[in-house]
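In: okay, sequence plus prediction incoming.
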Amino acid sequence: MKIGSAGTLESNDALVTVQEGVGIVVSIDSIVDAFFHDRIEAEVRGELARMKKQNVHVTIQDKGALDFTLRARVRTAIERMEGSQ
C-alpha cells in the first residue's frame, strides 16, 4: 500500500498523511476543529479534485494551518505517495 506524508506538528502547520483507498475519506484532528472542520475538509477535497484524485484516504493532524498550507501539504503528500515504491 502506498503512503505519503507532508508537514509537521508544529504550531500553524499540519501533518497530512495519504494512502491509496476506495473513494475519498478525510479524517481531521484539529485544534480548531469546532470552528473550521468544514473549511478544512473543503480545502482538502478541493485540492484532491484539482489533482483528479478519487481513491485516497487522507488524515489531517492540524495545528492551525492556513488554507494555502493545507493545500500544499495535501499536494506534497499525494506526490510523495505516488513516488513511493
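Out: Done, it's in. Residues are numbered from 1 along each chain as shown.
In: what's stretch 68-76 in contact with?
Out: The contact list for stretch 68-76 (Cβ atoms under 8 Å, 6 or more residues apart in numbering) reads 4, 6-7, 12-16, 18, 40, 43-44, 46-48, 51, 58, 60, 62, 65. (Glycine included, C-beta is placed from N, CA and C.)
In: of the residues you listed, grab the buried ones for ChimeraX.
Out: Applying 16 or more other Cβ atoms under 10 Å to these, the buried members can be selected in ChimeraX as follows:
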select :4,6,7,13,14,15,16,18,40,43,44,47,48,58,60,62,65
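In: among the contacts of stretch 68-76, which are in strands?
Out: Among the contacts of stretch 68-76, the residues falling in strands (DSSP state E) are 4, 6, 14-16, 18, 58, 60, 62.
In: from the residues you listed, pick the one nearest residue 83.
Out: residue 4 (7.6 Å; Cβ to Cβ).
In: name the nearest residue to the closest one, ignoring sequence neighbours.
Out: With sequence-adjacent residues excluded and distances taken as Cβ to Cβ, 6 or more residues apart in numbering, residue 4 is closest to residue 81, at 3.0 Å.
In: and that neighbour, how far is that from residue 17?
Out: Distance from residue 81 to residue 17, counting by Cβ to Cβ, to the nearest Å: 9 Å.
In: please enumerate the shared neighbours of the two.
Out: Counting by Cβ under 8 Å, 6+ apart, the common neighbours of residue 81 and residue 17 are 3-4.
In: list the contacts for residue 67?
Out: With Cβ under 8 Å, 6+ apart, residue 67 has these contacts: 39, 43.
In: mind checking pLDDT for it?
Out: Here the pLDDT value assigned to residue 67 is 95.
In: could you do residue 85 as well?
Out: pLDDT recorded at residue 85 is 55.
In: likewise for residue 32?
Out: According to the prediction, residue 32 has pLDDT 96.
In: please name the nearest non-neighbouring residue to it.
Out: Residue 32 sits nearest to residue 64 (Cβ to Cβ, 6+ apart), 5.8 Å away.
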